[in-house]
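A.B. asks: need a 3D model of the following:
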Amino acid sequence: MARTIARVVLGGFLLFAGAAHLSFARAEFQAQVPTWLPLDADFVVLASGVVEVLLGLALIAAGRWRVAVGFVVAAFFLAVFPGNISQYVTGRDAFGLDTDAARLIRLPFQVLLIALALWSTAAWRDRRELLTPFRRDDARGQR
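C.D. replies: Model prediction:
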């Protein structure tokens, strides 16, 4: 039950963050786009917002794809981590993170989000399900 609640809350968080990317916090999120990334910062923010909305919905409605969704969400959190590092290294202010200390303290929270994605979906525990998604549990081959 705790995992399910955490998964749904994380899904809601991603839905909110995705909506924020697409609307009221667009400029704030652009501060996290690394300058070395060869893409338009606004495009990156909009694209990641769409991905966050889809991942949030997937977490909430995970069902039998829960393990795969958990790994994809964890990979997404890992993929956007360079943006958090870039914000710290370049000293860019956003979301109230206006000191180096605040930006540095934020970094470990990304690791916690990765862990939460894996734990709340039991992805790490049930990772073997990805290797045997269609195992035969009965004579008819139904799962």
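
A.B. asks: next, Phe109: phi, psi?
C.D. replies: Here is the backbone geometry of Phe109 (degrees, to the nearest 10): phi -70, psi -30.

A.B. asks: so where's the chain uncertain?
C.D. replies: 133-143 (pLDDT under 70).

A.B. asks: in it, which spans are helices?
C.D. replies: For the chain, the helices defined by DSSP state H occupy 2-22, 26-30, 41-60, 66-90, 100-120, 128-131.

A.B. asks: please render the ones you listed as JSON lines that adds mean neighbour count to the earlier fields.
C.D. replies: All C-beta atoms are positioned from the backbone trio N, CA, C, and that covers glycine. Conversion of the helices of the chain to JSON lines gives the following (neighbours: other Cβ atoms under 10 Å):
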{"stretch": "helix 2-22", "mean neighbour count": "17"}
{"stretch": "helix 26-30", "mean neighbour count": "16"}
{"stretch": "helix 41-60", "mean neighbour count": "18"}
{"stretch": "helix 66-90", "mean neighbour count": "18"}
{"stretch": "helix 100-120", "mean neighbour count": "15"}
{"stretch": "helix 128-131", "mean neighbour count": "11"}
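
A.B. asks: so what's the residue count around the closest residue to Asp100 other than its chain neighbours?
C.D. replies: Leaving out its chain neighbours, the residue that sits closest to Asp100 by Cβ to Cβ, 6 or more residues apart in numbering is Gly91, at 6.5 Å. Other residues within reach of Gly91 by the criterion other Cβ atoms under 10 Å amount to 11.

A.B. asks: Gly91 and Ile85: what is the separation?
C.D. replies: Distance of Gly91 to Ile85, given as Cβ to Cβ, to the nearest Å: 12 Å.

A.B. asks: please state the backbone phi and psi of the residue nearest to Asp100?
C.D. replies: When read as degrees, to the nearest 10, the backbone of Gly91 gives phi 70, psi 30.

A.B. asks: go on, Asp126?
C.D. replies: Main-chain torsions, Asp126, degrees, to the nearest 10: phi -100, psi 20.

A.B. asks: what's near enough to touch Val44?
C.D. replies: Gln30, Val33, Leu37 (Cβ atoms under 8 Å, 6 or more residues apart in numbering).
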